[in-house]
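Q: Any chance you could fold what I've pasted below:
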Amino acid sequence: GVYHERQRLELCAVGGVNNVLQERRFTQEGGGEICKRLAPDARLNPHRSGGGTGNYDVNVIMAALGGGDFAAIWWDKRRPLEQLAGGGVHGFIVNVPSNVSGGVVSLPVRRKHWIARGGVGGTYYNLDSKLKGGGCVGGE
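A: Model (predicted):
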């Protein structure tokens with residue numbers, strides 16, 4: 001099966017990393033440690049939300065992926081995708097605008113949300129942590 005971690009709090013970056021890696025390796029505690037390492041003297045850490053509930057920035061994701069067996073590559077969407085082609089791509093973590101909801105009511109507020117697209121056996125899946133499960137999006 002395909003590993004799919006659901007989001008809690010503001011931890012879409014945690015779910016995104018774990019969903020791409022296809023196992024639980026990254027935690028909120030690990031994210032907090034990375035934030036402290038990135039800004040050791042900051043009263044309000046610029047790499048996460050003020051309440052410490054997540055909302056990690058790209059620097060935390062890059063550090064989390066770089067600390068394991070994977071290399072994270074920053075990709076500028078203005079570059080052609082053909083430059084990315086190759087069998088070494090394990091998955092993607094993309095930051096997109098997302099609607100905020102208060103239960104069943106959608107609020108007129110948009111925030112950034114990390115989503116994952118992960119490859120398993122040559123097939124890629126939408127592993128957005130807000131979804132109930134991962135859905136197939138196609139091959140390489």
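Q: May I ask you to confirm that Leu127 is in contact with Val17?
A: No: under the criterion of Cβ atoms under 8 Å, Leu127 is not in contact with Val17, lying 10.5 Å apart. C-beta: built from backbone N, CA, C; applies to glycine.
Q: which neighbours do these two share?
A: The contact sets of Leu127 and Val17 overlap at Ala116 (Cβ atoms under 8 Å, 6 or more residues apart in numbering).
Q: Using the centroid of the chain, identify the residue furthest from it.
A: Distance from the C-alpha centroid of the chain, by Cα atoms, centre = their mean, peaks at Asp41 (25.5 Å).
Q: sec struct for that residue, please.
A: Using DSSP: H, G, I helix; E, B strand; the rest coil, the structure places Asp41 in coil.
Q: give me phi/psi at it?
A: phi -100, psi 10 (degrees, to the nearest 10).
Q: any idea of the pLDDT on it?
A: The predicted structure scores Asp41 at 91 on the pLDDT scale.
Q: One more: Ser101?
A: 64.
Q: which ones are touching the closest residue to Ala39 other than its chain neighbours?
A: Excluding the flanking residues, the one nearest Ala39 by Cβ to Cβ, 6 or more residues apart in numbering is Asn45, at 5.2 Å. Contacts for Asn45 were tallied using Cβ under 8 Å, 6+ apart; they are Cys35, Lys36, Leu38, Ala39.
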